[in-house]
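**Student:** Please work out how this folds:
(chains A and B)
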Amino acid sequence: MKLVILNYGVGNIKSIQFAFDRLGVTAVLSSDAEEIKAADKIIFPGVGEASSAMKKLKEAGLEDVITKLNQPVLGICLGMQLMCRKLEEGNTNGLGIFDVAVKRFSTSVKVPQMGWNTITNLKSKLFKDISDKEYMYLVHSYYVEENKNTIATTDYELPYASAIQKDNFYGVQFHPEKSGQLGERILQNFLNL
Amino acid sequence: MLTKRIIPCLDIKNGRTVKGVNFVNLIDAGDPVALAKQYAEVGADELVFLDISATLEGRKTMLEMVLKVAAQVNIPFTVGGGISTVEDVDALLHCGADKVSINSSAIKRPILINELSQKFGSQCVVVAIDAKQIDGKWVVHLAGGTIPTELELFDWAKEVEQRGAGEILFTSMDNDGTKEGFANEALAKLSALVNIPIIASGGAGSVQHFIDTFIKGKSDAALAASVFHFGEIPIPTLKQELKNNTIEVRL
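**Tutor:** Next comes the predicted model:
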């Protein structure tokens, strides 16, 4: 199993790498196109501001590399959002793998949403052995709208897509690497795909 | 629904937990990594590590500790104490900390909050505020609560939100150590004033105090140290009681 974590200068990469260590898999950090293409599985991390993250992704020359991948790719948090079409944050154009918009929560709720919330309507092998309404750890100010690729829903201000899947591309808004044993189970499920 | 969070706070000096910690089944109560793992297992939602080392050597040890915690603990954690530059934060996040908490350095140089939120994102910037009531006014203090400032709690809270803080950790010095409950009136006012999460700190002594701070104080999270470290309030019991009182928690 060759697991690569995309290294483009953003993200809590260390935590993700450690989570896979706990599962007994060594994840390699890489921004090298050939190494990424040759991997069995790829993690697309991201935290921070969307437009600067997208800029770094382009500077690293990874924009086209990612969209053409055929092996399983898991976008986490901002990594998931960058796979979408349009992000309200910084008026950013995403990779467009998912034809859906990313919007900001309104001021009717506290922003960012910070903490543990449930995931429901689970529809993917990614959630094997995960029960409906289990808690995952989330920290975000923007959300992916419910769409035809939704594989998990979370409610905060409104029901939104907390996980999405299209072909080999998977995205989770929550941080599986910080969501206790159940989060680790989801990472293991990704490795088992 | 988003749950309320329970956050044990560990004071760290030269890489070791200080304050008495009396944990059953723990061989080395001074080992922050073992303690953190135990807290994660019993259902703590997050952890805060506060570095009270006064020396440069102690700070370096802190980075090593952060690395070890990140390697072994699968819940989020915040590191605070002695952080004053973008470089300090970069090093901590690089070692796997999820958030950092700044206090005196933000008072001395408020633009640090802007710098950190722009570079790393608001989600990892916690501003800790220590305050106590003087002549009916909540006065912000710095340097671990030893020096009063000109700042008033509610004005400062609004300012840190505008500068990009992702969360506020409010410690009422009047309540801290009393075990008589959190400063719920001030907490509720804070929660109505700003639109970022508020962590209540100072005064936890009973399960009822946690119920009160979530209902009356409108707090998003509650932080405590001794009641957890000495096993006075086991976290599973606390969370079950919160749930019995219709407060959303992760069980």
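
**Student:** quick one: terminal-to-terminal distance for stretch B:11-30?
**Tutor:** Length of stretch B:11-30, first residue to last, C-alpha to C-alpha, to the nearest Å: 10 Å.

**Student:** wait, I meant stretch A:138-146
**Tutor:** End-to-end span of stretch A:138-146 (C-alpha to C-alpha): 17 Å.

**Student:** buried ones in that stretch?
**Tutor:** The neighbour-count check on stretch A:138-146 (16 or more other C-beta atoms under 10 Å in any protein chain shown) flags A:138, A:139, A:140, A:141, A:142, A:143, A:144, A:146 as buried. The way it works is simple: take the backbone N, C-alpha and C, and place the C-beta from them, glycine included.

**Student:** Repeat that for stretch B:42-57.
**Tutor:** B:42, B:43, B:44, B:45, B:46, B:47, B:48, B:49, B:50, B:51, B:52, B:53.

**Student:** so the third one, which of the three states?
**Tutor:** Per DSSP: H, G, I helix; E, B strand; the rest coil, the secondary structure class of residue B:44 is coil.

**Student:** Compute the number of surrounding residues for residue A:167.
**Tutor:** Counted with other C-beta atoms under 10 Å in any protein chain shown, the neighbours of residue A:167 add up to 11.

**Student:** distance of it from residue B:148?
**Tutor:** Distance of residue A:167 to residue B:148, computed by C-beta to C-beta, to the nearest Å: 60 Å.

**Student:** Next, count neighbours for residue B:232.
**Tutor:** Neighbours around residue B:232, by other C-beta under 10 Å: 15.

**Student:** Show the contacting residues for it.
**Tutor:** Residue B:232 sits next to residue B:226 when contact means C-beta atoms under 8 Å, 6 or more residues apart in numbering or on different chains.

**Student:** That one looks like it's in a strand, true?
**Tutor:** No: counting by three-state DSSP, residue B:232 is located in no strand; its state is coil.

**Student:** for chain A, which residue is closest to the average position?
**Tutor:** Nearest to the mean C-alpha position of chain A, by C-alpha atoms, centre = their mean, lies residue A:76 at 2.1 Å.

**Student:** hang on, isn't that residue packed against residue A:19?
**Tutor:** No: judged on C-beta atoms under 8 Å, residue A:76 makes no contact with residue A:19 at a distance of 10.2 Å.

**Student:** any common contacting residues for these two?
**Tutor:** Residues touching both residue A:76 and residue A:19 (C-beta under 8 Å, 6+ apart) are A:176, A:177.

**Student:** State the number of residues packed around the nearest residue to residue A:108 once chain neighbours are set aside.
**Tutor:** The shortest distance from residue A:108 to any non-neighbouring residue, by C-beta to C-beta, 6 or more residues apart in numbering or on different chains, is to residue A:157 (6.1 Å). Residue A:157 is flanked by 15 other residues according to other C-beta under 10 Å.

**Student:** And residue A:157, how far from residue A:139?
**Tutor:** Applying C-beta to C-beta to residue A:157 and residue A:139 gives a distance of 15 Å.

**Student:** give me the low-pLDDT residue ranges for the stretch 1-150 of chain B?
**Tutor:** The model of the stretch 1-150 of chain B has pLDDT under 70 over residues B:19-29, B:54.

**Student:** so what does the strand or helix carrying residue B:199 touch, helix or strand wise?
**Tutor:** For residue B:199, the host element (DSSP states H and E) is strand B:198-201. With contacts taken as 3 or more C-beta pairs under 8 Å, 6 or more residues apart in numbering or on different chains; DSSP states H and E, strand B:198-201 sits against strand B:5-13, strand B:167-172, helix B:184-193, strand B:221-224.

**Student:** Check chain B for its longest helix and report it.
**Tutor:** Looking across chain B with DSSP state H, the single longest helix is helix B:56-72.

**Student:** what angle sits between that helix and strand B:5-13?
**Tutor:** Relative orientation of helix B:56-72 and strand B:5-13, computed by axes from the mean of the first three to the mean of the last three C-alpha atoms, to 10 degrees: 140 degrees.

**Student:** quick one: buried residues of helix B:56-72?
**Tutor:** So for helix B:56-72, counting by 16+ other C-beta under 10 Å, buried means B:58, B:59, B:61, B:62, B:63, B:65, B:66, B:67, B:68, B:69, B:70, B:71.

**Student:** which one is the fourth one nearest to, not counting chain neighbours?
**Tutor:** For residue B:62, ignoring the flanking residues on the chain, the nearest one in space by C-beta to C-beta, 6+ apart is residue B:51 at 4.7 Å.

**Student:** Hmm, residue B:167 is touching residue B:194, no?
**Tutor:** No: Residue B:167 lies out of contact with residue B:194 (C-beta under 8 Å); the separation is 9.9 Å.

**Student:** on that earlier part again, now do the same contact list for the residue nearest to the centre of chain A.
**Tutor:** Here residue A:76 is in contact with A:11, A:16, A:43, A:44, A:45, A:46, A:171, A:172, A:175, A:176, A:177 (criterion: C-beta under 8 Å, 6+ apart).
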